[in-house]
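> Quick one: sequence plus predicted model below, questions after.
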Amino acid sequence: MSFTLNRRDVLRAGSLSAGSMLFGLDLATAQTPTGLLRVGMTGATVPVTNGIPDQGGEGARFMGVTLYDQLVSWDLSRADRAAPLVGNLATEWKNDAANPKRWVFTIRDGVKFHDGHVLTAEDVVFSFDRALKRDAPWFDLRAFGQAVIQLPKLAAWGAEGKTFWLETESVDATLPYALPWIGIVHKGAWEAAGKDWGAYLAKPVGTGPWKLESYSQRERAVLVRNADYWNKDRVPKAAKLVLMPIPDSNARVAALRSGQVDFIEAPPPDAANSLRGAGFQIVTNVYPHHWTWFLAQIPGSPWTDVRVRKAANLGIDRKGLKMLLGGLMAEGQGLVTQGHPWYGKPSFKLEHNPDAARKLLAEAGYGPGKPLKTKVAISSSGSGQMQPLAMNEFLQQNLREIGIEVQFEVFEWQALIEAWKAGAGAPAGRGCHALNISNPTHDPFRTFARILQTDQAAPAGVNWSKFSSPEMDKLFAQIQAEMDPAKQTALMMRAHEQVVDQALFMFAAHDLNPRALSKKVNGFVQAQSWFQDLTPISLA
């Protein structure tokens with residue numbers, strides 16, 4: 001479906017009254033007693049329950065770190081710092097000095113799965129086999145689709161006693177950052193599901209702080225407290241957790257106001273003040289995030305010309321976009337924010353300068369009689385996507401004023417992720433030469449190489465644009481091999497300067513990750529992370 005966006009048509013669907021039907025779920029039946037936390041998610045479906053969920057960061061925080069544990073996780077206990085990595089099912093990890101391609105993890109003793117099975121290093125081997133070993137009898141294609149984008153260069157893995165090891169194709173100092181995305185399962189649970197990963201989704205078994213009670217992908221999932229959780233500091237305070245897919249932001253607000261949910265992701269900015277006035281909590285925090293347009297670097301794309309890329313960046317009014325969002329964003333100044341240790345000193349200034357933008361477009365052969373026309377893939381909602389319909393409509397208007405005519409191709413969130421993984425020019429992209437998708441910047445690989453390195457060009461990785469630069473590839477390789485943090489930071493600054501100076505993306509915003517909570521919700525700490533911990537939450 002291709003069209004010029006009319007936001008009123010989208011928002012009309014968001015006017016819900018209490019007790020109305022929402023995506024097959026009668027919210028009136030969701031009224032629950034104290035002790036049950038009900039969450040309105042931005043996705044159109046509940047994330048899958050297999051330990052490596054779909055739905056991006058939202059899937060990870062609501063179905064990844066709830067039912068499952070990972071070897072390494074993020075410390076989500078504080079709001080006043082960037083979340084650091086900590087041991088989870090691994091008590092420690094180290095790079096092997098004799099073989100720097102190898103990382104070794106010591107497996108925690110005494111951890112039990114929900115079905116009573118005691119965790120071993122062999123279970124970790126099974127978990128990586130099912131996600132990445134295509135010839136394994138227990139290979140899970142659904143898990144592979146999510147895992148391979150996190151671990152594209154993993155070469156081998158195995159167990160030795162109480163340790164588990166991973167080996168990469170080349171030295172990779174960033175590998176531990178990928179592991180919070182990979183939940184650990186065990187073979188017996190797969191066998192109990194009839195050796196069928198599809199059947200397993202209804203009865204998953206992890207080691208996490210929550211257990212699954214019921215699951216309907218289009219309606220809701222109900223999780224219950226794991227009272228026997230091995231980490232006594234993280235036994236959930238709420239008795240149950242209900243996850244509801246509510247992709248329309250106004251529908252989420254309606255559900256919160258009517259008492260049908262207690263916690264919603266990404267409330268619309270124009271509702272924030274009225275929600276505060278009604279006693280609801282609006283929680284925000286910075287986190288590693290950029291909201292950009294990926295710009296295709298394939299034959300036939302207008303974005304192969306750096307003058308066009310710079311013109312688009314000069315044509316967008318970031319201050320106006322921030323006003324549209326009620327201040328709930330930082331102006332896009334690159335892949336990371338100004339002041340970040342990796343920002344560097346790029347020479348191209350990301351400012352709103354329409355006259356300079358028109359001049360660059362004229363130099364590239366475009367003008368009043370020959371506007372640049374392009375089609376952009378966007379989502380209707382989704383984790384980290386902020387308010388994609390309203391924001392993209394605003395950018396569309398900005399770009400029209402400088403001579404760029406934008407047509408949108410609107411995808412459901414997971415479908416957009418699949419188009420991103422397929423790459424520019426693939427049928428899944430429906431002829432789009434740009435794609436709007438948010439991305440994390442919490443580690444060197446995911447900030448740069450994963451989305452720009454030549455050998456990560458989709459579908460091998462998620463370099464959707466298919467950008468290729470031998471010079472930058474060499475720099476990315478140096479970053480990944482550098483174990484010294486100070487030297488790695490200096491390399492990251494050089495990389496970021498080149499990304500901005502070449503205008504490799506259209507840099508629009510950095511999210512402040514707003515959530516709206518009922519006044520009954522206590523104990524939530526909004527970490528500076530794509531992941532969040534729901535275990536401290538209690539309800540008054």
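In hand now; what should we look at? Just so it is clear, the model here is predicted, and its values are computed rather than measured. Numbers count the residues shown, from 1 in each chain.

> drop to CA atoms for contacts and neighbour counts, all remaining ones
Will do.

> same for the helix ranked longest in the chain, what does it pack against?
With secondary structure taken from DSSP state H, the chain has its longest helix at helix 485-501. Counting contacts by 3 or more CA pairs under 8 Å, 6 or more residues apart in numbering; DSSP states H and E, helix 485-501 is packed against helix 470-481.

> In terms of helix, strand or coil, where does the closest residue to residue 431 other than its chain neighbours fall?
Leaving aside its sequence neighbours, residue 431 sits nearest to residue 425 (CA to CA, 6 or more residues apart in numbering; 6.6 Å). At residue 425, secondary structure determined by DSSP: H, G, I helix; E, B strand; the rest coil is coil.

> Likewise for the one 10 residues further on?
Under the three-state scheme (three-state DSSP), residue 435 adopts strand.

> Contacts only, for the spatially closest residue to it that is not a sequence neighbour.
The shortest distance from residue 435 to any non-neighbouring residue, by CA to CA, 6+ apart, is to residue 377 (4.5 Å). By CA atoms under 8 Å, 6 or more residues apart in numbering, the contact set of residue 377 is 408-411, 416, 429, 432, 434-436.

> Look at residue 377 and report its pLDDT.
pLDDT, residue 377: 98.

> Kindly report the same for residue 11.
Looking at residue 11, the pLDDT reads 36.

> follow-up on the earlier one: measure the residue nearest to residue 431 to residue 89 for me?
40 Å (CA to CA, to the nearest Å).

> On the three-state scheme, residue 300 is what?
coil.

> ugh, wrong one, I meant residue 307
helix.

> which residue packs closest to it, ignoring adjacent ones?
residue 360 is the one closest to residue 307 (CA to CA, 6+ apart), at 5.5 Å.

> Can you list phi and psi of the one you found for me?
phi -60, psi -40 (degrees, to the nearest 10).

> what's the residue closest to the geometric middle of the chain?
residue 57 (3.3 Å; CA atoms, centre = their mean).

> show me what contacts that residue?
Residue 57 neighbours (CA under 8 Å, 6+ apart): 383-384, 530-531.

> Need the pLDDT of it.
Residue 57 is given a pLDDT of 93.

> could you measure residue 415 against residue 393, distance?
Taking CA to CA, one finds residue 415 at 20 Å from residue 393.

> quick revisit: helix, strand or coil for the residue nearest to residue 435?
Per three-state DSSP, residue 377 ends up strand.

> Give me the neighbour count for residue 331.
The local packing of residue 331 (other CA atoms under 10 Å) involves 24 other residues.

> beta partners of it?
Taking DSSP bridges as the rule, residue 331 bridges to residue 509.

> I'd guessed it sits against residue 319; true?
Yes. In this structure, residue 331 is within contact of residue 319 by CA atoms under 8 Å, at 6.8 Å.

> for this structure, what are the low-confidence residue spans?
1-34 (pLDDT under 70).

> Take the contacts of residue 377 and keep only those in strands.
Secondary structure from DSSP state E places 408-411, 434-436 of the contacts of residue 377 in strands.

> could I get those as JSON lines with neighbour count and distance to residue 129?
Output for the ones in strands among the contacts of residue 377, formatted as JSON lines (neighbours: other CA atoms under 10 Å; distance: CA to CA, whole Å):
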{"residue": "408", "neighbour count": "23", "distance to residue 129": "39"}
{"residue": "409", "neighbour count": "22", "distance to residue 129": "36"}
{"residue": "410", "neighbour count": "20", "distance to residue 129": "35"}
{"residue": "411", "neighbour count": "18", "distance to residue 129": "31"}
{"residue": "434", "neighbour count": "28", "distance to residue 129": "35"}
{"residue": "435", "neighbour count": "28", "distance to residue 129": "32"}
{"residue": "436", "neighbour count": "21", "distance to residue 129": "32"}
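
> Farthest-apart pair in those residues, please.
Within the ones in strands among the contacts of residue 377, two members stand farthest from each other by CA to CA: 411 and 434, at 13.2 Å.

> Ignoring the adjacent residues along the chain, who's closest to residue 56?
residue 383 (6.4 Å).

> rewinding a little: would you mind identifying the next helix or strand past whichever strand or helix holds the residue nearest to the centre of the chain?
For residue 57, the host element (DSSP states H and E) is helix 56-59. On the C-terminal side of helix 56-59, the nearest following helix or strand under DSSP H and E is strand 72-74.

> partner strands of that next one, parallel or antiparallel?
Strand 72-74 is paired, per DSSP bridges, with strand 85-87 (antiparallel).

> how about the nearest residue to residue 304, chain neighbours excluded?
Using CA to CA, 6+ apart and skipping residues adjacent in sequence, the residue nearest residue 304 is residue 297, 5.1 Å away.
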